[in-house]
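**Q** Got a sequence here, can you build the structure:
(one chain, ligands or ions: 1)
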Amino acid sequence: MLPEFQLQTLWSNPNFLAAGAVVLVILVQSLYEKRKRVSEGRAPMVSHLIPWVGSALEIGGDPDAFFNRAQRKYGDMFTMKAFGRVVTYVVSPSLISEIYRNAQVYDFERFRVTAAVDCFDIPASLMKSEVTSKVLHPAQHKYLSPTGIIPIIESYTTAVWDLLEREGSSFEDVSTPLRNFILPVLYQASAYAFFGRSYPVVESYEPFNDFDRTFHLLLAGVPRFFLRKHTKGLATLHRLFEKYFDGPHDDASEMVLENERVMRSHGYDSNAVGTFFASFLFALMANAPNAGYWLIVLNLQREDGLQPLTDEIDEAVASWKQQNPGQQIEDHLHDFVSTAELPLLASTIQETLRYAASVMSIRRVTEPVEFGGYRFNKDDEIVCLTRSVHLDEEIHENASVYDPRRYMTQKRPTKNGKIVANHSMPWGGGVSMCEGRHFANRELKAFVVFLLMRYTVEIDSKSAERPTFISERVGAGVMHPRGDLRVIIHARK
Ligand code: HEM
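**A** Sure, this is the predicted structure:
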């Protein structure tokens, strides 16, 4: 207890009184806001103390724990303020699928255009024109479809095989940070597949990382002024793309060449074409390489390590050789990897994405609507929080445990006695569902198959360092690693 004379001193201190008044005003205002929302039938507001900042710092600390607490306290929908932005989060799979189904009321297009212009500097005239919605996006959709993607996957397959041989040999038999080996291989092979060998892939790697590292801050509304490295990275990517589109690049994929032709025929120059493809480069690279990294890291930390996957792949190789006597697998890489039945690897990829992806789908309400028992006004922002579904213990047994066999053995997931069809949504959903998912799945499959055909990878027992998720990259896709895992790679005999 404070002695009486100290209390008297405090009460007569004008600074103390002013601070007390401010706290009182904030509390009254927040109480008023909460009451008003309840009386208007709006989704409940998560309590916060600092007015404009709202819950931003708490979300940034441990987002999974924060959203879990909010769900337990407020239910399947709750509103939150962060850096002045008011957003309602939806965590139930059935409500999320309703949002995905109804693109008229829960619009994505406005966010798509704004993000392309504000985050990637694509000219607004291009993003808002029918060239993009009626020609460029449909063409991208066609080339990224399961059949359209085949030629690109073929070049990817050859590129990743060659890169694993070339890069792998320089890491053999010495302790090495896994990241240095894996991420550049995945990055380069994908870039070659879409843009050809004329793309300055090595030069673009660091600027891409500078841009990508703080992308979530840009999404959260942090002004570019505070993100100097990020902005410089994007400018370098634009410059490299402009040079690439000004020079010979006939080895690019048909998807790139066709979209370039369309843009040029509408008067857009190499610089504008470059901004469009810098945003595609981001989609291509922001998630898949890190997913490949986590797949290896998470399995290496299990008791049986990568052995079950290696055994499955060895069996597929043996079976292919038996069916194709006298043939070399190296001459039929795409055929082999696309036909190989690898149920454990398929489940491992899906589980890695469930476990490591933090995905949010942003929508804007287009008209007043009653939804999930609450009222929404035009222009309200709603976010589908798919990670909450991934971590829901009722839907996924032992959800906090990484289990590569989960999707081989799991019964049909249910919640409240009902089957949950959308139990895993690493690709988002509805109109904004990841266009690159067919490529990404095959990319990861080919990468893991070839890696384990060529090498054994083991943890360097002298190093205790282990990577953890940078979970504050909330909503921005597969989480990046903080720290790394030192490994020793040996060529297989
Ligand atoms: C593991 C890898 C990947 C994951 C987890 C992933 C996830 C996502 C997610 C969550 C979205 C936004 C969905 C939404 O807002 O609801 C998205 C969009 C997109 N992704 Fe992927 N992605 C991956 C790899 C790729 C790859 C390799 C490509 C390119 C080949 C790609 C191309 C795209 C494109 C073009 C969009 C924009 C779709 C639109 O604006 O409608 N993604 N991705």
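
**Q** Now do residue 237 against the ligand, distance only.
**A** 16 Å (CB to the nearest ligand atom, to the nearest Å). Any C-beta I mention is one placed from the backbone N, CA and C, and that applies to glycine too.

**Q** So the residue of the stretch 101-250 of the chain at minimum distance from the ligand: helix, strand or coil?
**A** Nearest residue of the stretch 101-250 of the chain to the ligand: residue 112, at 5.1 Å (CB to the nearest ligand atom). Using DSSP: H, G, I helix; E, B strand; the rest coil, the structure places residue 112 in helix.

**Q** what's the next secondary structure element after the lowest-mean-pLDDT helix or strand in the chain?
**A** When the helices and strands of the chain are scored by mean pLDDT, DSSP states H and E, helix 4-11 comes last with a mean of 64. The helix or strand immediately downstream of helix 4-11 is helix 14-39, counting by DSSP states H and E.

**Q** That next one: how far from the chain's middle?
**A** Distance, stretch centre to chain centre, for helix 14-39: 38 Å (CA atoms, centre = their mean, to the nearest Å).

**Q** which residues touch the helix or strand just after it?
**A** Downstream of helix 14-39, the next assigned helix or strand under DSSP H and E is helix 56-61. By CB atoms under 8 Å, 6 or more residues apart in numbering, the surrounding residues in contact with helix 56-61 are 48, 50, 66-67, 80, 82-83, 220, 472, 474.

**Q** Off-centre distance for stretch 42-50?
**A** 27 Å.

**Q** Could I get the buried residue list for that stretch?
**A** By 16 or more other CB atoms under 10 Å, the buried positions in stretch 42-50 come out as 42-46, 48.

**Q** mind checking the end-to-end distance for it?
**A** Using CA to CA, to the nearest Å, the end-to-end distance of stretch 42-50 comes out at 21 Å.

**Q** quick one on the thing from earlier: OK, contacts around the residue nearest to the residue of the stretch 101-250 of the chain closest to the ligand when sequence neighbours are not counted?
**A** Computed as CB to CB, 6 or more residues apart in numbering, the closest residue to residue 112 that is not its neighbour in sequence is residue 432, at 7.0 Å. When contacts are counted by CB under 8 Å, 6+ apart, residue 432 touches 108, 112, 361.

**Q** any idea how far the residue nearest to residue 163 when sequence neighbours are not counted is from residue 437?
**A** Spatial nearest neighbour of residue 163, excluding adjacent residues (CB to CB, 6+ apart): residue 185 at 4.8 Å. Distance of residue 185 to residue 437, given as CB to CB, to the nearest Å: 21 Å.

**Q** Also residue 146?
**A** For residue 146 relative to residue 437 (CB to CB), the value is 10 Å.

**Q** Please apply the same query to residue 431.
**A** 14 Å.

**Q** again with residue 391
**A** Between residue 391 and residue 437 the computed distance is 21 Å (CB to CB).

**Q** Kindly report the same for residue 114.
**A** Following CB to CB, the distance that separates residue 114 from residue 437 is 23 Å.

**Q** Between residue 185 and residue 437, point out the one with more neighbours.
**A** Neighbours per residue (other CB atoms under 10 Å) separate residue 185 from residue 437, with residue 185 holding more: 23 against 17.

**Q** what residues does the stretch 101-250 of the chain put near the ligand?
**A** 112, 144 (CB under 6 Å from any ligand atom).

**Q** can you give me the helices in the stretch 101-250 of the chain?
**A** Ranges of helices in the stretch 101-250 of the chain, per DSSP state H, counting those that start in this stretch, are 109-120, 124-127, 130, 137-143, 150-171, 178-195, 201-213, 215-219, 228-246.

**Q** Where among those is average confidence lowest?
**A** When mean pLDDT is averaged over each of the helices of the stretch 101-250 of the chain, helix 215-219 scores lowest at a mean of 88.
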